[in-house]
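> Got a sequence here, can you build the structure:
(chains A and B)
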Amino acid sequence: MSLAPLLELRDVSRRFGGLQALDGVSFALQAGEIFGLIGPNGAGKTTLFNVITGVTRPSSGQVLWKEAAIEGLPPHRIHRLGLARTFQNLRLFDSLSCLDNVQVGLGRSDRRRALELLALFGLQDRAAEAAAGLAYGDRRRLEMARALASSPQLLLLDEPAAGLNPTEKQELSSVIRRLAAELRLTVLIIEHHVPLMMQLCDRLAVLNFGRRIALGRPEQVRHDPLVIEAYLGGAGGDPPPEVSP
Amino acid sequence: MPDGSLLVQMLIGALLGLSVYLPLAAGQLSLATPGFMTVGGYVAALLSTRVAALGGAEPLYPLPWLLLELVLAAVIALALALVVGLPVLRLRGIYLAIATIALNEILRVLLLNSSWTGGAVGIFAIPQPFGDPLGYLAALLLLLLLAGAACQVLAGHPLGRAMAAVRDDELAASCSGVDSFRVKLLAFGASAVLAALTGVLAAHFFNTWNARQGSFDASITTLAFVVFGGSRLWLGPVLGGLVLTALPELLRPVGDLRLVVFGAVILLGPLLFPQGVVTPALLQRLPLPAGWRRRLLP
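So this is what the prediction gives:
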């Protein structure tokens, strides 16, 4: 870990009114690693993605990309630096063809390159179809193709396995690993499917109520008592207090 | 010659339809098309009637001065569009619609109450650069062809794709590298310029110009061009502008019923054709040469 990190979060907080969505979150991503972000619903995972990609400003703290602060930059500027993302609830350009969805990500007209990207996800035969007409799994794949169009260095995937069947989930895992290796990508991934994350990720950070409660290799995180408590609600801790009549 | 002048008005309608279409293609509703047209018209009316050196007294108004008016109108409209667009287009949502209604009203009240604009009466006896409607027909057709060609180029251009992406999902577009503020501002600016250019030609053609051109009614009428014709392809608003401008005139034989029929068309249009009359699906079905179809579809 002597190299400067690709992306570093320093004490990032975000408050929405009375809700502390992120509370002093810090961690750093090394180039080339697959880094997982897990935590119960409402833990602040997507808010963290929004802060990194410029959709939401942090209330305090710093986001460093190659040691330069990027918090507060608009999303398109952050995208051009080499960070691309997908969305938890799929945000495609529905009226555009698959080819054009990818070309928007490319930022130029390049049919050949766009078709190559579609082919990466087996969508080359759907190039002319409108994104709205695709099956769910294909929509997920198209969103990844669009995100990869800009040749990003960091790919942020927000629940890419949501709604996929078990076979597709296994495929996704190998696709992510293959892409990371071939394209020399760093991947930051949010996913609820813990077994998938345990086998896919090099390191994991666990969020709960906006706080980072654990960080480390999958086997370390798996046995962390704080993580077990966050997921199982105090199992192994004190017995629930008895209710007196 | 009533036929010639109806055709001229239809072309004006088509151009105004395109002016509403451009920001809409980037997901922005601008109701200021009649406002910008009014501004263009006043530039023409004021220059040609008040500046004697420009040759307003000659039998035919010199074409170079008409060009000067067009350039000046475009610059002023663009500046106005920037004043409104710079603060408003940074926001996501329908704020442009609200701001452009306000812009229309401010322009209308200003122009109505200023002495240098002729007040409520407006400006009369605007000199004619063309001897008959045919000249206007040619000039407006040229402008429509240029605007149509620009829209056609846009359909296959990264900027056109970026506009469609902003329309479909602005947040996703920003996260895909699209500077949505810039894209929306360009579309709104182009809309303003096109409306102002149309206004210059319209003022000369109508021979008289006043602040009523930019009423709220006019905003809704131009919006109807796009709703009727369709907003997915640039041919839609052109067709909408041509048809809906001609319809009230063509319906004159049925007397007072014409307003009822006109209203019914505007009402039934969206019911029967929710996407407008001209849609990509329609072009697929029409017996067009394959090359045409490929070129017209985005």
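
> Report the backbone C-alpha coordinates of stretch B:192-199 in PDB.
Coordinates of each C-alpha in stretch B:192-199 appear next as PDB, following Å, rounded to 0.1, in the frame of the first residue of the first chain:
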ATOM      1  CA  ALA B 192     -34.600  32.000 -29.800                       C
ATOM      2  CA  VAL B 193     -32.600  32.800 -32.900                       C
ATOM      3  CA  LEU B 194     -34.900  30.900 -35.200                       C
ATOM      4  CA  ALA B 195     -38.000  32.600 -33.800                       C
ATOM      5  CA  ALA B 196     -36.400  36.100 -34.100                       C
ATOM      6  CA  LEU B 197     -35.400  35.500 -37.700                       C
ATOM      7  CA  THR B 198     -38.900  34.400 -38.500                       C
ATOM      8  CA  GLY B 199     -40.200  37.500 -36.800                       C
END
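
> Am I right that B:A74 is in contact with B:A196?
Yes: under the criterion of Cβ atoms under 8 Å, B:A74 makes contact with B:A196 at 5.7 Å. (Glycine included, C-beta is placed from N, CA and C.)

> Find the residues that touch each one of the two.
Common neighbours of B:A74 and B:A196 (criterion: Cβ atoms under 8 Å, 6 or more residues apart in numbering or on different chains): B:G40.

> quick one, which of the two is more surrounded?
B:A196 (32 against 21; other Cβ atoms under 10 Å in any protein chain shown).

> Now name the helix or strand holding the more buried one.
helix B:180-206 (DSSP states H and E).

> Buried by neighbour count: which residues of the longest helix seen in chain A qualify?
Once chain A is assigned using DSSP state H, the helix that runs over the most residues is helix A:166-182. The neighbour-count check on helix A:166-182 (16 or more other Cβ atoms under 10 Å in any protein chain shown) flags A:E168, A:K169, A:E171, A:L172, A:S173, A:V175, A:I176, A:L179, A:A180 as buried.

> try stretch B:18-32
B:18-28, B:30-32.

> ok, now which ones touch A:F49?
A:F49 touches A:V55, A:R85, A:L156, A:D158, A:L188, A:I190, counting by Cβ under 8 Å, 6+ apart.

> For A:I34, see how far away the fifth one is.
Going back to what we said before, that points to A:L188. 8 Å (Cβ to Cβ, to the nearest Å).

> out of the two, which sits in the more crowded spot?
Shown here are A:L188 and A:I34; by other Cβ under 10 Å, A:L188 has more neighbours (25 against 22).

> Poorly predicted segments of the chain, please.
The chain I'm using is chain A. A:1-2, A:234-245 (pLDDT under 70).

> wrong chain, I was asking about chain B
B:1-3, B:52-57, B:298.

> Show me which residues of it sit near chain A.
Within chain B, the positions adjacent to chain A are B:156-158, B:161-162, B:164-165, B:167-169, B:171-181, B:232, B:298 by Cβ under 8 Å from any Cβ of the partner chain.

> switch the cut-off to 10 Å
Contacts of chain B with chain A, taken as Cβ under 10 Å from any Cβ of the partner chain, map to B:90, B:156-158, B:160-162, B:164-183, B:232, B:280, B:297-298.

> Just the buried ones from those residues, in ChimeraX syntax?
Filtering the residues of chain B next to chain A down to the buried ones (16+ other Cβ under 10 Å) takes a single ChimeraX command:
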select /B:158,160,161,162,164,165,166,167,168,169,170,171,172,173,174,175,176,177,178,179,180,181,183,232,280,298
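
> all strands for chain A, in order.
A:7-16, A:19-29, A:34-38, A:60-65, A:68-69, A:83-85, A:154-158, A:186-190, A:203-208, A:211-216 (DSSP state E).

> For the shortest one, name the packing helices and strands.
Put plainly, it is strand A:68-69. Using 3 or more Cβ pairs under 10 Å, 6 or more residues apart in numbering or on different chains; DSSP states H and E as the contact test, no helix or strand touches strand A:68-69.

> hey, which of the strands of chain A is tucked in deepest?
Stretch with highest mean neighbour count among these: strand A:83-85 (a mean of 26; mean count of other Cβ atoms under 10 Å in any protein chain shown).

> Can you list the strands that that strand pairs with?
If you go by DSSP bridges, strand A:83-85 pairs up with strand A:154-158 (parallel).

> chain center to the strand it pairs with: distance?
4 Å (Cα atoms, centre = their mean, to the nearest Å).
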